[in-house]
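In: Have a look at this prediction, sequence included:
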Amino acid sequence: MRPELPKIPQATTKRLPLYYRFLQSFHNAGHKRVSSQELSEAMKIDSATIRRDFSHFGALGKKGYGYDVPTLLEFFRKTLDQDEAAHVALIGVGSLGTAFLKYNFQKNHNTKIVVAFDTKAPVEGMMKSEIPVFHPSVMETKLAEYGIELVICTVPSRSAQEVADRLAKTKIKGILNFTPVRLTVPDTIRVHTIDLSVEVQTLIYLIRNEHIED
Ligand SMILES: NC(=O)c1ccc[n+]([C@@H]2O[C@H](COP(=O)([O-])OP(=O)(O)OC[C@H]3O[C@@H](n4cnc5c(N)ncnc54)[C@H](O)[C@@H]3O)[C@@H](O)[C@H]2O)c1
């Protein structure tokens with residue numbers, strides 16, 4: 001069962017998968033406990049932030065002992081719902097999409113692109129990096145067939161909203177949008193947009209204004 005979480009800041013939420021990944025490596029290296037300082041050095045996040053983040057989840061650590069690795073790992077696994085595999089679809093298998101297909105979350109066994117769509121693919125499908133790629137004309141049927149919850153969108157900007165409109169009529173819950181288009185979707189779908197230019201501009205702004213905290 002997924003633990004009931006108090007409302008936690010979005011910045012903390014974003015770090016959860018990272019904590020999970022680093023705790024896994026501590027666990028794999030045989031560590032039974034870890035201090036916020038050790039986590040800080042490994043993750044390059046300051047220890048005060050780590051302690052503050054962890055405090056949102058209740059008293060997980062003990063003074064002078066640090067954090068119990070198996071307990072923390074179990075907590076994050078449940079919180080991140082890692083028991084249940086997430087089946088992901090990729091829409092748009094061009095330059096960026098092909099790179100994602102090849103990468104396919106190698107370090108995360110519970111997240112995987114299981115199906116992809118591209119206008120250049122035949123309706124009956126073709127294999128690319130061991131993943132079936134279909135023509136978008138069969139998208140709705142295939143998304144249901146593969147039990148897709150989440151879609152990665154790497155289509156050209158001009159096609160992005162049209163794809164989102166079709167997705168709005170399916171059961172998918174999230175879109176990871178790599179197009180620079182601000183998508184309009186119903187409340188039932190969550191969109192995370194990763195706009196490379198915005199990220200670069202933000203970083204440029206931050207390095208030129210070092211006094212601003214992130
Ligand atoms: N390439 C990059 O480094 C990069 C970086 C950041 C963001 N992006 C963004 O990602 C998106 C994809 O970029 P790219 O360079 O991979 O483009 P691309 O032209 O190489 O690939 C787009 C693919 O989408 C397919 N496509 C077009 N309409 C479609 C539809 N309706 N359904 C399914 N597939 C469809 C095309 O056949 C093509 O294979 C763009 O919106 C771009 O702005 C690209």
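Out: Received, thanks. As the structure is a computational prediction, the values presented were derived from the model and not from experiment.
In: Point out the residues in the protein that sit beside the ligand.
Out: 91-97, 117-120, 136, 154-157, 159, 163, 178-180, 196 (C-beta under 6 Å from any ligand atom). Using the backbone N, CA and C atoms, a C-beta is placed for each residue, glycine as well.
In: From these, list just the buried residues.
Out: Buried subset of these (neighbour count, 16 or more other C-beta atoms under 10 Å): 91-93, 96-97, 117-118, 136, 154-155, 159, 163, 178-179.
In: Which one of those residues is nearest to Gly125?
Out: Phe117 (9.6 Å; C-beta to C-beta).
In: can I see the domain layout of this protein?
Out: Domain ranges of the chain: 10-79, 86-197, per automatic domain parsing.
In: Centre of the chain to the shortest one, how far?
Out: Chain-centre distance of domain 10-79: 18 Å, with C-alpha atoms, centre = their mean, to the nearest Å.
In: now do the last one
Out: In terms of C-alpha atoms, centre = their mean, the centre of domain 86-197 is set 13 Å apart from its chain centre.
In: Mind checking the pLDDT average for that domain?
Out: Predicted confidence along domain 86-197 averages 95 (mean pLDDT).
In: do the shortest one as well
Out: pLDDT averaged over domain 10-79 equals 86, rounded to a whole number.
In: now for the top helix by length along the chain, which elements pack on it?
Out: Counting by DSSP state H, the longest helix found in the chain is helix 10-28. Other helices and strands packing on helix 10-28, by 3 or more C-beta pairs under 8 Å, 6 or more residues apart in numbering; DSSP states H and E, are helix 36-43, helix 47-55, helix 69-79.
In: Look up how far the ligand lies from Phe75.
Out: Plainly put, Phe75 is 34 Å away from the ligand if you go by C-beta to the nearest ligand atom, to the nearest Å.
In: which residue does the protein bring closest to the ligand?
Out: Gly94 (1.7 Å; C-beta to the nearest ligand atom).
In: contacting residues around that residue?
Out: Shown in contact with Gly94 (C-beta atoms under 8 Å, 6 or more residues apart in numbering): 118, 154-156.
In: In JSON lines: those residues, plus secondary structure and distance to Lys142.
Out: What follows is the contacts of Gly94, written out as JSON lines (DSSP: H, G, I helix; E, B strand; the rest coil; distance: C-beta to C-beta, whole Å):
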{"residue": "Asp118", "secondary structure": "coil", "distance to Lys142": "12"}
{"residue": "Thr154", "secondary structure": "coil", "distance to Lys142": "17"}
{"residue": "Val155", "secondary structure": "coil", "distance to Lys142": "16"}
{"residue": "Pro156", "secondary structure": "coil", "distance to Lys142": "21"}
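In: Dump these to TSV, plus distance to Met43.
Out: Shown next, in TSV, are these (distance: C-beta to C-beta, whole Å):
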residue	distance to Met43
Asp118	36
Thr154	28
Val155	34
Pro156	36
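In: And the strands in this protein?
Out: Under the criterion DSSP state E, the chain contains strands at 33-34, 61-62, 66-68, 86-91, 111-117, 126-128, 131-134, 150-153, 174-177, 190-193.
In: what packs against the third one?
Out: This means strand 66-68. Against strand 66-68 (3+ C-beta pairs under 8 Å, 6+ apart) you get strand 33-34, helix 36-43.
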